[in-house]
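> whatever this is, show me its structure:
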Amino acid sequence: MKKIALIFLCSIALFTACSDDSSSNVKGFFEDSDIIAKTHDDLPICSDTQEGTFVYVKDEKRSYICQNNVWTPEESSQKSSSSKTEDDSSSSETSSSETNDTQEPTSSATDEPSSSETEDSSSDTESSSSAEPDSSAESSSSEKAPIIFAIRDINVGVYQYEFSDMDNLNLVIYNNEEQAISDLTFFLYVSGKPENIEPVSGDGDQPGTCPLLIDEDICLIIDSAGFDSPCKLTDGTDANNTLRDNFRRSIPKQLEYSYNASTGEYAYYIPVSLGDLEIPPLSRLRIDINFSSGIYQNNMCETLRTKAKKELNSTSGGWSWIAHQKDVDGADYDGIPLWEKDQGDTEKAPINPYITLYIGNELIFGIPPTL
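You can find the predicted model right below:
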């Protein structure tokens, strides 16, 4: 399983404000932990298959290791502390066991950008921050390159509808700025059991399966006067073929430390690149997305236009779908509403702060998951 972790630092403007010293209170995860559990009761069974597994219990701020079918506190275990020697040596009065009990865990991420620092960008804005992304699924944290949070007048609205027995999203990206934007990528966050989310490779020349894949159905650019036109790339060509290819290569990726023992589910993110599609100034991009199941081959999915294995709704869909509270996650949100297919033609869907949006390597909108 690829090791992927996210930490939430602070929301961007319009959601929550961050003080200059807030970066010192950022909570992450121990890099050498295999599982993060909220309470001791959430720990999985310490069986032979879990032997040597490390777990960090958030409520206790303590790590455990599975030894001889018993979860043993890390300071009482035979775990090697060599990976922490450099960090611990900076304080001669702090022992390895004290560090594990008092130090907030750090994070390690791959593929999915993550937050790391806070800084003010101007006296006019409510908040700004900076983050560290990863470089590839196989890279280590030392290979990360910096990524900057920007304060941009760009946001995302969305509602869900059912069509052809499939779940669909009507997603609108609003460019309220007086400059065109391109090189966009948005991230959807879902949760589910691996058999309902993760693609499976086939045997030999036989294709595998994709239990959850996304496909582009409608793409329109709507100007400030309300007139729409087909989506175009920056070179003026039709964007649909590029979008469909990108969408089908947008394979759900599992978030590290996201296992929920009570449901047997993990959290996943789906990065969707819009490539060279351009949104003109003071315009909006409408994309209708459908979720289906299909086959997996050549590192991409191909839809069979059958219902996805994972049911998506505001109760069970995951981070981007469910309701949130400001004092818990950073912004109030009632969850993705279920509307009629064309209801968005006459009503504006609520802004969803739990879908993240990037321009290149800049996180310009949204709140990533907190695990």
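> longest helix of the protein?
Counting by DSSP state H, the longest helix found in the chain is helix 240-248.
> who touches that one?
213-216, 219, 230-231, 233, 272-277, 287, 289, 300-303 (CB atoms under 8 Å, 6 or more residues apart in numbering). (Each C-beta comes from the backbone N, C-alpha and C, glycine too.)
> quick one: strands adjacent to the helix or strand that comes right after it?
Once the chain leaves helix 240-248, the next helix or strand it forms, by DSSP states H and E, is strand 253-254. Based on DSSP bridges, the pairing partners of strand 253-254 within the sheet are strand 266-273 (antiparallel).
> what does the partner strand contact?
Contacts of strand 266-273 (CB under 8 Å, 6+ apart): 4, 6, 111-112, 184-194, 197-198, 214, 246-247, 250-255, 258-260, 318-319, 369, 371.
> please list only the buried members of those.
Buried by 16 or more other CB atoms under 10 Å: 4, 6, 111-112, 184-192, 197-198, 214, 246-247, 250-255, 258-259, 318-319, 369, 371, out of these.
> take those and keep only those in strands.
Counting by DSSP state E, the buried ones among the contacts of strand 266-273 place 184-192, 214, 253-254 in strands.
> of all those residues, which two lie farthest apart?
Distance extremes for these: the farthest pair is Leu184 and Gly192 at 25.6 Å, using CB to CB.
> against Gly204, how distant is Asp332?
Distance from Asp332 to Gly204, counting by CB to CB, to the nearest Å: 51 Å.
> meant to ask about Asp153
The value you get for Asp153 to Gly204, if CB to CB is used, is 52 Å.
> nearest to His324, of the ones in strands among the buried ones among the contacts of strand 266-273?
The nearest one, if we look at these relative to His324 and count by CB to CB, is Tyr189, at 11.5 Å.
> identify the residues contacting the residue lying closest to the closest one once chain neighbours are set aside.
In space, and not counting its chain neighbours, Tyr189 is closest to Trp319: 3.7 Å by CB to CB, 6 or more residues apart in numbering. Residues near Trp319 by CB under 8 Å, 6+ apart: 189-191, 267, 354, 369.
> coming back round to it: between the ones in strands among the buried ones among the contacts of strand 266-273, which is nearest Ile65?
Gln254 (22.4 Å).
> so how far is Pro369 from the closest one?
12 Å.
> how about Asn155?
Taking CB to CB, one finds Asn155 at 18 Å from Pro369.
> next one: Asn246
22 Å.
> so what sits opposite the nearest residue to Asn352 once chain neighbours are set aside in the bridge?
Nearest residue to Asn352 in three dimensions, chain neighbours excluded: Val158, at 4.8 Å (CB to CB, 6+ apart). As for beta bridges, Val158 partners with Leu171 under DSSP bridges.
> so Val158 is in contact with Tyr354, correct?
No - if you go by CB atoms under 8 Å, Val158 and Tyr354 don't touch, sitting 9.8 Å apart.
> with neighbour numbers in mind, choose between the two.
Tyr354 (27 against 24; other CB atoms under 10 Å).
> one step back: Asp332 and Gly204: which has the busier surroundings?
Asp332 (13 against 4).
> how close does the closest residue in space to that one that isn't next to it in sequence get to Ile367?
The shortest distance from Asp332 to any non-neighbouring residue, by CB to CB, 6+ apart, is to Lys326 (4.7 Å). Distance, Lys326 to Ile367, by CB to CB: 10 Å.
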